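1. here is my input; please provide its structure:
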Amino acid sequence: MSDEAEPKRALVVSSTQAARAAEERLRASYDFVPVEKAEMVVALGGDGFMLQTLHAMLEARRIVPVFGMNLGTVGFLMNEWRLERLDRRLQDAKIFKVNPLRMTVHTVDGEEFSIPAINEVSLLRETRQTAKLSVEVNGRVVLPELVCDGVLVATPAGSTAYNLSAHGPILPLGSALMALTPISPFRPRRWRGAILPENTAITFTVLDPVKRPVSAVGDQREVRDVARVEVKIDRTTPLTLLFDPEHTLDDRIAAEQFIA
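-> A predicted model of the protein is given here:
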């Protein structure tokens, strides 16, 4: 936006055809700037597009605040779509900082990948056979053999996504915690996951990676045939989300605990 309309210069980005139509309406009312000059981003779409936008900034190593408006399905990370008084909404927006996860993946073939994840890191079986994993927490083996369809590590921001579907706990924002949640566990039968401090380092080792292959997924990026995956919080690249004061992310996460 222009300096007259808003102290921060913004770029608008969109995903679906409906979002692109909304983008045209915004551009007709406000003066947006190119990406290299933007001091914030207005993202139009759903939660998936918000994650794409944040990951694009991580890859470009140019991180600015993002204000999302929901034109998707759930829109958990988004604000309500409204064209009116957008400049005022951006000025009054509440700031929320997100530290993404960082997974370091070692494959069976000896390749190594370092991938950020804002919601969760998931390990998933690739075939009909269950995965067999060992789990280490801060270098100590806590589960010598976990037999399951998979396992995930979720941040508080991602705890209401895949983690909740896998019967994991909802984590309040600012709790400085991570959820370690199994996906359809078979052994140990009574283990249903753990809540860990966010400074914890978690390592998964695939016990039979050839016979029982496993993939690792960081939000939307997958690496197949993994042998070992290390997961921890990355404090070097904090992300900034902007929310309307009356509709903040921490309020939405708290409210999810009372939905039947």
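
2. all helices for the stretch 51-200 of the chain, in order.
-> 86-92, 162-165 (DSSP state H, counting those that start in this stretch).

3. pick the most buried one from those helices.
-> Mean neighbours per residue, mean count of other Cβ atoms under 10 Å, is largest over those for helix 162-165, with a mean of 19. In this view, the C-beta of every residue, glycine as well, is placed from N, C-alpha and C.

4. what about that helix, average pLDDT?
-> Mean pLDDT, helix 162-165: 94.

5. show me what that helix is packed against.
-> Secondary-structure packing of helix 162-165 (3 or more Cβ pairs under 8 Å, 6 or more residues apart in numbering; DSSP states H and E): strand 120-125, strand 140-154.

6. quick one: low-confidence parts of this structure?
-> Counting by pLDDT under 70, the chain has low-confidence residues at 1-7, 260.

7. can you do 80?
-> Low-confidence segments of the chain (pLDDT under 80): 1-8, 15-18, 35, 73-74, 247-255, 257, 259-260.

8. distance to residue 20 for the helices of the stretch 51-200 of the chain - can I get that in CSV?
-> Listed next are the helices of the stretch 51-200 of the chain as CSV, based on distance: least, Cβ to Cβ, whole Å:
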stretch, distance to residue 20
helix 86-92, 17
helix 162-165, 28
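
9. the closest residue to residue 176 other than its chain neighbours and residue 240: what is the separation?
-> Using Cβ to Cβ, 6 or more residues apart in numbering and skipping the chain neighbours, the partner closest in space to residue 176 is residue 198 (4.8 Å). Using Cβ to Cβ, to the nearest Å, residue 198 is found at 18 Å from residue 240.

10. the residue nearest to residue 176 against residue 98, yeah?
-> No. Taking Cβ atoms under 8 Å as the definition, residue 198 is not a contact partner of residue 98, at 11.6 Å.

11. higher neighbour count, these two?
-> Taking other Cβ atoms under 10 Å, residue 198 and residue 98 do not tie; residue 98 has more neighbours (20 against 16).

12. spit out the contact partners of the more buried one.
-> Residue 98 makes contact with 54, 118, 155, 157, 238-241 under the criterion Cβ atoms under 8 Å, 6 or more residues apart in numbering.

13. on that earlier part again, distance to residue 49 and mean neighbour count for the helices and strands packed on helix 162-165 - can I get that in CSV?
-> Shown next, in CSV, are these (distance: least, Cβ to Cβ, whole Å; neighbours: other Cβ atoms under 10 Å):
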stretch, distance to residue 49, mean neighbour count
strand 120-125, 17, 24
strand 140-154, 20, 19
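
14. so residue 181 bridges to which residues?
-> Counting by DSSP bridges, residue 181 forms beta bridges with residue 152.

15. contacts only, for it.
-> So residue 181 contacts 151-154, 163, 166-169, 193 (Cβ under 8 Å, 6+ apart).

16. how far away is it from residue 188?
-> 14 Å.

17. list the buried residues for stretch 160-180?
-> Neighbour-count burial for stretch 160-180, counted by 16 or more other Cβ atoms under 10 Å, picks out 160-164, 166, 168-171, 173, 177-180.

18. and which of these is nearest residue 245?
-> Nearest to residue 245 out of the buried residues of stretch 160-180 is residue 173 (Cβ to Cβ; 14.9 Å).

19. how about the residue lying closest to that closest one once chain neighbours are set aside, what does it touch?
-> Ranked by Cβ to Cβ, 6+ apart and with sequence neighbours excluded, the top spatial neighbour of residue 173 is residue 250, at 4.1 Å. Residue 250 sits next to 96, 172-174 when contact means Cβ under 8 Å, 6+ apart.
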